[in-house]
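Engineer: for reference, the sequence and a predicted model appear below.
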Amino acid sequence: MGEIQGDFIDGLQEIFPVGLDTKSRGYESSTVVGDKIYVIGGSDDGTFSIGVRIFNKSTGKWGVPTALGTKPAQCKGHSAVLLNSDRILILKRDSTPDDCTWFLEVDTPFVREKKKILETEVVAWSKGVKAHAPKPIVISGPSGVGKGTLISKLMKEFPSTFGFSVSHTTRAPREKEKDGVHYHFTERSLMEKEIRDGKFLESASVHGNLYGTSIEAVEVVSDAGKRCILDIDVQGARSVRASSLEAIFIFICPPSFEELEKRLRARGTETEEQVQKRLRNAKSELEEGKSSGLFDHILVNDDLDKCYESLKKLLGLDGSTDSTTTDESFVKNVELPNGHSISETNQNILIHCATTDLGKANELFVLDVSSLKGGAPGRTRGLNMYAIDTFADALEEQEED
Ligand SMILES: Nc1ncnc2c1ncn2[C@@H]1O[C@H](COP(=O)(O)OP(=O)(O)OP(=O)(O)O)[C@@H](O)[C@H]1O
Ligand SMILES: Nc1nc2c(ncn2[C@@H]2O[C@H](COP(=O)(O)O)[C@@H](O)[C@H]2O)c(=O)[nH]1
């Protein structure tokens, strides 16, 4: 058995009689990571929302870190255990099966990078999902090639499968573009501040304006149980590739540069000056897209219907495989009872259910965390949970005796 490094505590004053924080907030856990103690817990106002505080043992000081990502909603207590020295596994009490497992990353590459940029203490939330949750899809290509057209077709045909990551931009809305639907239209100074605050997965200056994918934009889609589609430029694709968000990268090419120019002009949404700028940028984007190895797939959008069929095929939507499943619950048939405690053994977490009714067979669950993938700023994939039928096992043992 490995050492349990985090568990329920009743009140901080019992654990740290240092007079620095004497207020009991209930439902808190403390997890030791190096010389820091991460205290994760609910407020005492009855809302049980989860907050994080850090006690630095070397300085004897408390601090509140910048917490990135969407944190778990209301929680009636939780257990916590440190994994791989860089993230804390949180098991929520009394929660639905698809919302019981969360990670608070404290020293992952993503968190370390953000600490450097923000020059402050940072933690990042990531929700745990099953082993085979579908990866987000990044669609990139020069302006006017037809990315938006292809994505609209996909969303229209598979509305419950895909969700669009609504980017932020400082460009002015076009006619018919709606705030919050096509983009979050915003001010440059505000967006720059939010980038500094670590709210963005990626951002780039594109054709003279700022564009960016917020962490929230991706999480909103995942939380709706849908597969996220990002329409971003090549710089953005490169940033996402370097991040821990595991995605499929698709580059859309025009059949010719002349055709691209024709489409961009025919769309009629840009001034001549803007069209020229976009075409200039398209040259380098096409070179990079085709040659850099950044993209997993390259599709030529000549005939729209044919290109759309190719896109569906590579996403497994042509009927050859059943990839339309969006249920990310990895513990579909497992209901974690209200009270539980956890312990660690090798790469597995054992979940002991304290309040099992007499006659109820399942009281021990195994959470396999041996092949975790992804993580903040997205979901942590690769979890597998199964119940050990201890009552049945005991009966079996009795029969064997
Ligand atoms: N295969 C195609 N054949 C002809 N026209 C097309 C094709 N695909 C898209 N179009 C048209 O080309 C124009 C540009 O398409 P779209 O707006 O989807 O491009 P985009 O790549 O999303 O551009 P941007 O990056 O500027 O947002 C639109 O008017 C669209 O109807
Ligand atoms: N790096 C990012 N690029 C983005 C994002 N959202 C859109 N884009 C790209 O910008 C251009 C221009 O778009 P338009 O709507 O002004 O025509 C296009 O190539 C998009 O793919 C983003 O969040 N990040």
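Structural biologist: Done, it's in. Ligands and ions are numbered 1, 2, ... in the order given.

Engineer: next, count neighbours for residue 309.
Structural biologist: Using other Cβ atoms under 10 Å, the number of residues around residue 309 comes to 12. Every residue, glycine included, has its C-beta placed from N, CA and C.

Engineer: next helix or strand past the helix or strand it falls within?
Structural biologist: When elements are assigned from DSSP states H and E, residue 309 belongs to helix 304-314. Sequence-wise, the next helix or strand downstream of helix 304-314 (DSSP H and E) is strand 340-345.

Engineer: quick one: buried residues of that next one?
Structural biologist: 340, 342-344 (16 or more other Cβ atoms under 10 Å).

Engineer: other residues contacting the helix or strand that that strand is followed by?
Structural biologist: Reading on from strand 340-345 to the C-terminus, the next helix or strand found by DSSP H and E is strand 348-353. Here strand 348-353 makes contact (Cβ atoms under 8 Å, 6 or more residues apart in numbering) with 81, 89, 91, 336-337, 339-344, 362-370.

Engineer: counting neighbours, show which residues of the strand or helix carrying residue 212 come out buried.
Structural biologist: Here residue 212, judged by DSSP H and E, is contained in strand 209-214. By neighbour count on 16+ other Cβ under 10 Å, the buried set for strand 209-214 is 210-214.

Engineer: stretch 175-187 now?
Structural biologist: So for stretch 175-187, counting by 16+ other Cβ under 10 Å, buried means 182-186.

Engineer: the buried residues of strand 340-345 into JSON lines, with extra columns for distance to residue 191 and pLDDT?
Structural biologist: Below are the buried residues of strand 340-345 laid out as JSON lines (distance: Cβ to Cβ, whole Å; pLDDT from 0 to 100):
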{"residue": "340", "distance to residue 191": "43", "pLDDT": "71"}
{"residue": "342", "distance to residue 191": "41", "pLDDT": "80"}
{"residue": "343", "distance to residue 191": "45", "pLDDT": "80"}
{"residue": "344", "distance to residue 191": "42", "pLDDT": "78"}
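
Engineer: so can I have JSON lines of the residues you listed showing distance to ligand 1?
Structural biologist: JSON lines is the format used below for those (distance: Cβ to the nearest ligand atom, whole Å):
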{"residue": "340", "distance to ligand 1": "48"}
{"residue": "342", "distance to ligand 1": "47"}
{"residue": "343", "distance to ligand 1": "51"}
{"residue": "344", "distance to ligand 1": "48"}
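
Engineer: ok, so of these, who is nearest residue 66?
Structural biologist: residue 342 (27.3 Å; Cβ to Cβ).

Engineer: find the nearest non-adjacent residue to the closest one, please.
Structural biologist: Closest residue to residue 342 apart from its sequence neighbours, by Cβ to Cβ, 6 or more residues apart in numbering: residue 79 at 4.6 Å.

Engineer: and the one you found, how far is that from residue 205?
Structural biologist: 44 Å (Cβ to Cβ, to the nearest Å).

Engineer: repeat that for residue 342.
Structural biologist: Taken as Cβ to Cβ, the span from residue 342 to residue 205 is 46 Å.

Engineer: likewise for residue 231?
Structural biologist: Distance of residue 231 to residue 205, computed by Cβ to Cβ: 17 Å.

Engineer: what do you get for residue 373?
Structural biologist: 31 Å.

Engineer: what's the answer for residue 257, then?
Structural biologist: Residue 257 is 23 Å from residue 205, by Cβ to Cβ.

Engineer: could I get the host helix or strand of residue 113 in PDB with only the CA atoms?
Structural biologist: Per DSSP H and E, residue 113 falls inside helix 109-118. Output of helix 109-118 as PDB, limited to C-alpha atoms (Å, rounded to 0.1, in the frame of the first residue of the first chain):
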ATOM      1  CA  PRO A 109       4.300  21.000 -17.500                       C
ATOM      2  CA  PHE A 110       1.200  23.100 -18.200                       C
ATOM      3  CA  VAL A 111       1.200  24.500 -14.700                       C
ATOM      4  CA  ARG A 112       5.000  25.100 -14.700                       C
ATOM      5  CA  GLU A 113       4.700  27.000 -17.900                       C
ATOM      6  CA  LYS A 114       1.900  29.200 -16.600                       C
ATOM      7  CA  LYS A 115       3.800  29.800 -13.300                       C
ATOM      8  CA  LYS A 116       6.600  31.200 -15.400                       C
ATOM      9  CA  ILE A 117       4.400  33.400 -17.500                       C
ATOM     10  CA  LEU A 118       2.200  34.600 -14.700                       C
END
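
Engineer: packing partners of it?
Structural biologist: On a contact count with 3 or more Cβ pairs under 8 Å, 6 or more residues apart in numbering; DSSP states H and E, helix 109-118 meets strand 66-68, strand 122-130.

Engineer: buried set for it?
Structural biologist: Buried-residue list, helix 109-118, by 16+ other Cβ under 10 Å: 110-111, 114-115.
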